[in-house]
Structure formats: structure tokens, C-alpha cells
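1. coordinates only, sequence not included:
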């Protein structure tokens, strides 16, 4: 008897494991970290507290948070050989390529071992420093060392600009880091867990995750969103521009999500942040483009529920903070590493090698013909 298997393209709807880290309710538009609603989390916590929550499962006490901040502070500087490696890379390099290369280099020369929390802290602490080092070098400036009194978000802005960050921008970036820290079994997180399931190390898992994040269908959309807004230019041009894009068979970047059937809750929070940090005229443009895009997509694709996703207002917020456009996805990684590493730790704590199957659709029973008869 032939057993018929159902093929789920892209593993859509397939449960590949269990996790206590993150819950996504796409119908209700809810995102929950370890039992806490994302609105509550973003309104009341720092990124460091959220990282602790993802790694350990509970919110830290004052003493536990102080200890984590100390460990992050100690791990932020990057060694001289890594700085030399970054200096040796072409200044035109994609920022994700730089990050992927340097995280891989960090893992060289160390014995293969089971991933642990010290790896998670070290990599998470260093990614902003790596990003800022390369960005300053390519702009002809010397890198800035992290300052011990500044946190994850504030240090990132300081190392990029060389200036003390203002509280509004720091708070905006802190909330961005919180909102992007984890999001279930997305492509890059699944990649990290696959690597971890082979008993590989944390550096290999995060390097692989960065490779997955580079793809424009996963983490690379904020920059195209910003370009879309600039191309549209004014609210009165939005509808015609969007209809032309759809007619040409192109996607509207920043709209739609595999899981959400209503507004992405992260987009709601980022919209509110953008309203206070972005240029008022530019924010109003984004707001009008959002409303127009939702209406046009409902008319063009009535069988689908397409709303703005996290990347739409991520673009507006990161631009308002002053980040270079081509650093947007690498900045995403500066946040998501907390989630990647939390998932790696969860994977190895109760591991089984991830080994899915495919449905074979090729020919059968072919016979090899000698080369002179082919």
C-alpha cells in the first residue's frame, strides 16, 4: 500500500516542536514573550530585562539585572584581531555579510562545546559594537569604544554617532530592540535551531541565522519600505503608485505577514513610537500610505487579510533614530540575537536532530546507459 503524504510548502501550518519562549496569536494580533503581552513588555521593560526573560524564563530581580548588565558591559568590546578583520573587509560590503563573517570569526579557535548562556550574552553584547565599528570605518571615522555606563540601545547610538544619545532616540531604539527580540519559529530562528540540533556551537547557529535574515523575504524589507515612502513622496500619489506596483506583479513592502490576519501588534507600537520621533510630515506620509495600502490590497486581494507588518514602521523608527538605511537589517540582528540564542538554548536542553523529509517527485527505475550510447 502506498502511503500518501501531504506536502506543506514552506512548512506552513506544520508544528515542528514545542517552545515556552514565544506565542503568536495571528487571529487576535497578539505577541507574548514567556507569558507577557508585548504591549506590557514594551511599555515597561528595557531590552536587557527582555533578554534575561527570554534566556532564563522569568523577569530578573534588581540583583539579577545588575549582574546581567555587568556581563554585557564586559562583553561589548571586541578584540583587536576582530577589529583588524573588519578593517580588512571591503568598505562596500553588505552589512549582513560583515556581521556574518565576524560572528563566524569569533567562534574560531575555541573547542566545540554545547551552547550556553555565556555564549548568548557574549554574542548579543558584541553585535552592536561590530555594526558600529564597520559603519564608522566605511565613513572614514575611527571606531568608538562602548561606554560602560550606557545600555544596549544607548551604546549603539553612541558608537555609531560618537555623541551622547538623547533620551527620546534611546527609548525608541530600546523599544525597537524589545519588539524584534523574538518571534517564534521564523526562518532565521528555525535555521539556528536546526544547526543547534546537530550539537554544533552557538557561533555556528547564530552565523547561520544571520545568513537566513539577509534574505529580503525575511529581515530585509525595512530598507525597501523606506525607499517606497520616498518614491511615493506625498499622500496624493500613494494609491496610483501602489496600484502600478501591484499591476506589475510586485509586492508592497511592509504589508502582510504569514501569521497575522490583523495588524501586527509590533507595528501598532512602532507606529506610536514613530509619531513622536519621526519628522511630522514624513510620519503623516507613512500613515496615509499605510491606510491607502490596506484599502488597495483589500480590493486587489479580497480573499487575503493584509495589514502593515513590523517592517513598515521599523523603517520609519530606525530612520528617525538616524540609522543608515543599509544598517537596518544588521540592527534587526542586534535585537533578534537574544531570541536566536534563547531558542538555541531551548533546543539543546531537550534535543532531537531536526531531520524533515521531502516528497520525491522525480523519475524512478531509470537504467544507466554507457557513456558512448547517451
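-> Sure thing, it's come through. This is a predicted model, so every value here is computed, not measured.

2. show me where the protein has strands.
-> Counting by DSSP state E, the chain has these strands, from start to end: 22-25, 30-33, 36-37.

3. may I see these organised as JSON lines, with mean neighbour count and distance to residue 124 added?
-> The way it works is simple: take the backbone N, C-alpha and C, and place the C-beta from them, glycine included. Shown next, in JSON lines, are the strands of the chain (neighbours: other CB atoms under 10 Å; distance: least, CB to CB, whole Å):
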{"stretch": "strand 22-25", "mean neighbour count": "18", "distance to residue 124": "16"}
{"stretch": "strand 30-33", "mean neighbour count": "20", "distance to residue 124": "15"}
{"stretch": "strand 36-37", "mean neighbour count": "15", "distance to residue 124": "19"}
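
4. contacting residues around residue 127?
-> By CB atoms under 8 Å, 6 or more residues apart in numbering, residue 127 lies in contact with 99, 103, 330, 333, 334, 337.

5. recalculate using a threshold of 10 Å.
-> With contacts taken as CB atoms under 10 Å, 6 or more residues apart in numbering, residue 127 has the following neighbours: 76, 78, 99, 102-103, 152, 156, 206, 210, 330-331, 333-338.

6. mind checking pLDDT for the nearest residue to it once chain neighbours are set aside?
-> Leaving aside its sequence neighbours, residue 127 sits nearest to residue 334 (CB to CB, 6 or more residues apart in numbering; 4.6 Å). Taken from the predicted model, the pLDDT recorded for residue 334 is 97.

7. residue 348 now?
-> Residue 348 carries a pLDDT value of 97.

8. coming back round to it: my guess is the residue nearest to residue 127 meets residue 124, correct?
-> Yes: with contact defined as CB atoms under 10 Å, residue 334 counts as touching residue 124 (8.0 Å).

9. common neighbours of the two, please.
-> With CB under 10 Å, 6+ apart, residue 334 and residue 124 have common neighbours 47, 152.

10. circling back to that earlier point, so which of the strands of the chain gets nearest residue 48?
-> Go through those one by one with CB to CB and the one that ends up closest to residue 48 is strand 30-33, at 13.8 Å.

11. list the contacts of that closest one.
-> By CB under 10 Å, 6+ apart, the surrounding residues in contact with strand 30-33 are 21-25, 37-42, 45, 50, 53-54, 178-179, 181-184, 259-260, 262, 264-266, 269, 310, 339, 342.

12. now the buried members of the residues you listed.
-> Neighbour counting over those (16 or more other CB atoms under 10 Å) leaves 21-22, 24, 38, 41-42, 45, 50, 53-54, 178-179, 181-184, 259-260, 264-266, 269, 310, 339, 342 as the buried ones.

13. quick one: contacts for residue 374?
-> Contacts for residue 374 were tallied using CB under 10 Å, 6+ apart; they are residue 368.

14. tell me who's in contact with residue 102.
-> 78, 82-83, 85-86, 89, 126-127, 129-131, 133-134, 207, 210.

15. what's the closest of those residues to residue 111?
-> Once CB to CB is applied, the member of these that ends up nearest residue 111 is residue 207, at 17.1 Å.

16. which ones are touching the closest one?
-> Neighbouring residues of residue 207 by CB under 10 Å, 6+ apart: 99-107, 123, 191-192, 195, 200-201.

17. highest neighbour count among those?
-> Tallying neighbours with other CB atoms under 10 Å puts residue 192 at the head of the contacts of residue 207, with 31 neighbours.

18. thinking it is in contact with residue 198, fair?
-> No: the pair residue 192 and residue 198 fails to qualify as a contact (CB under 10 Å) at a distance of 11.4 Å.

19. what is in contact with the two at once?
-> 204, 205.

20. hmm, back to that, sort out for me which of the contacts of residue 127 are in helices.
-> Among the contacts of residue 127, DSSP state H puts 99, 102-103, 152, 156, 206, 210, 330-331, 333-338 in helices.

21. pLDDT score for the spatially closest residue to residue 55 that is not a sequence neighbour?
-> Nearest in space to residue 55, with sequence neighbours left out and distances taken as CB to CB, 6+ apart, is residue 342 at 5.3 Å. What the model reports for residue 342 is a pLDDT of 98.

22. so who does residue 342 touch?
-> Contact partners of residue 342, counting by CB under 10 Å, 6+ apart, are 19, 21-22, 33-34, 51, 53-57, 117, 120, 124, 181-182, 189, 192.

23. please redo it, this time with the cut-off set to 6 Å
-> Remark: with contacts taken as CB atoms under 6 Å, 6 or more residues apart in numbering, residue 342 is in contact with 21, 54, 55.

24. filter those down to the ones in helices?
-> Among these, the members falling in helices are 54, 55 (criterion: DSSP H).

25. nearest to residue 286, of the contacts of residue 342?
-> Ranking those by separation from residue 286, with CB to CB as the measure, puts residue 54 on top at 29.4 Å.

26. among the strands of the chain, which is nearest residue 71?
-> Among the strands of the chain, the nearest to residue 71 by CB to CB is strand 30-33 (20.6 Å).

27. strand partners (parallel or antiparallel) of that closest one?
-> Under the criterion DSSP bridges, strand 30-33 sits next to strand 22-25 (antiparallel), strand 36-37 (antiparallel) in its sheet.

28. right, and the ones you listed - which one's nearest residue 172?
-> Residue 172 sits nearest to strand 36-37 of all the strands paired with strand 30-33, at 20.1 Å, using CB to CB.

29. what ranges does the stretch 51-200 of the chain have for its helices?
-> With helices called from DSSP state H, counting those that start in this stretch, the stretch 51-200 of the chain shows them at 62-75, 80-88, 95-106, 117-138, 152-161, 167-180, 187-197.
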